[in-house]
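*Asks:* Sequence below, structure please.
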Amino acid sequence: PEELQVLSTLGSGAFATVLEAEHARQETPSPTQRASKGRRTNNKRFALKRLSDESLSCSKKKAAASQCLLFEAAILKQLPEHKNIIHLRGVSSNLFDKPEEGFLVLELLPETLDKRIQRLRNRMMVDQIGVVPQRLRLRDSMKSRKEQYLRIKNIGVVIADVMAFIHRNRILYRDLKPSNIGFDAVGYLRIFDFGLARQFDPNEAKNLT
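*Replies:* As a prediction, the model looks like this:
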């Protein structure tokens, strides 16, 4: 815990709170770095996931939330690396002894799918306010259909592919929604929040209806 410095709260739910954090230690810049870019620090940032205050307020909730946090760490460690699954960077040294005090260190995702959807809706509303010639409306309509196709190809198909990968590895995700789908700094889609995910036995799954 002492190696990371918490910067802000990214989100909080009944089970966990996610914080933005960075390395607390600073790198000493070389003379070349000082001359070219000024003072540099090792400010790579992460998402730090720990139990929420709501979970900690009740012994039953704390026990269940602690188990979810441990399940998430185990599942992310077990799953083979996949470009569309959030990267687990590490866990705190006290996670397994005192999960109520421990945390996961995860890749930081700048945007989630629900926020991207809202941003696209806002842009569409702004575009609809202005009065434009029919020729431009037709061109914009064709552009909109092309963008929609690309979103289905780059988001919908990718989500289906990564979910199939998760199932092949005997994991039930159980919490698929836009707020649990994010994008990294260069736009790669990532599935995250495996707190409700569970491993299943393929032989038992055959008997499910």
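*Asks:* Next, the buried residues of stretch 153-164.
*Replies:* Ile155, Val158, Ile159, Val162 (16 or more other CB atoms under 10 Å). Any C-beta I mention is one placed from the backbone N, CA and C, and that applies to glycine too.
*Asks:* ditto for stretch 62-82
*Replies:* Buried residues in stretch 62-82 (16+ other CB under 10 Å): Lys62, Ala65, Ser66, Cys68, Leu69, Leu70, Phe71, Glu72, Ala73, Ile75, Leu76, Leu79.
*Asks:* if we can go back for a sec, ok, so of the buried residues of stretch 153-164, who is nearest His87?
*Replies:* The shortest approach to His87 among the buried residues of stretch 153-164 belongs to Val162, at 13.4 Å (CB to CB).
*Asks:* List the residues that contact Ala65.
*Replies:* Residues counted as contacts of Ala65 (CB atoms under 8 Å, 6 or more residues apart in numbering) are Phe15, Ala16, Leu51, Ser52, Ser55.
*Asks:* Try it again at 7 Å.
*Replies:* Phe15, Ala16, Leu51, Ser55 (CB atoms under 7 Å, 6 or more residues apart in numbering).
*Asks:* Mind listing the residues bridging to the second one?
*Replies:* Read it as Ala16. Leu51 (DSSP bridges).
*Asks:* And for it, the neighbour number?
*Replies:* 21 (other CB atoms under 10 Å).
*Asks:* which residues in this structure form helices?
*Replies:* Along the chain, the segments classed as helices by DSSP state H run 31-37, 53-56, 59-78, 113-129, 134-151, 157-168, 202-205.
*Asks:* re earlier: make a markdown table from the buried residues of stretch 153-164 and add pLDDT and distance to Arg45 to it.
*Replies:* Shown next, in a markdown table, are those (pLDDT from 0 to 100; distance: CB to CB, whole Å):
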| residue | pLDDT | distance to Arg45 |
| --- | --- | --- |
| Ile155 | 90 | 24 |
| Val158 | 94 | 24 |
| Ile159 | 95 | 25 |
| Val162 | 96 | 24 |
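*Asks:* so where's the protein uncertain?
*Replies:* For the chain, applying pLDDT under 70 flags the ranges 25-43, 124-144, 204-209.
*Asks:* now with 80?
*Replies:* 1-2, 14, 25-43, 120-153, 202-209 (pLDDT under 80).
*Asks:* what pairs with Leu4 across the strands?
*Replies:* Beta-bridge partners, per DSSP bridges, of Leu4: His23.
*Asks:* so what's Glu101 closest to, chain neighbours aside?
*Replies:* Nearest residue to Glu101, sequence neighbours excluded (CB to CB, 6 or more residues apart in numbering): Asn94, at 5.4 Å.
*Asks:* and that neighbour, how far is that from Glu2?
*Replies:* 11 Å (CB to CB, to the nearest Å).
*Asks:* ok, these two, which is more surrounded?
*Replies:* A count of neighbours by other CB under 10 Å puts Asn94 above the other of Asn94 and Glu2, at 13 against 7.
*Asks:* can you give me phi and psi for the more buried one?
*Replies:* phi -100, psi 10 (degrees, to the nearest 10).
*Asks:* shouldn't it be in contact with Glu100?
*Replies:* No: when contacts are counted by CB atoms under 7 Å, Asn94 is not listed as touching Glu100 (9.4 Å).
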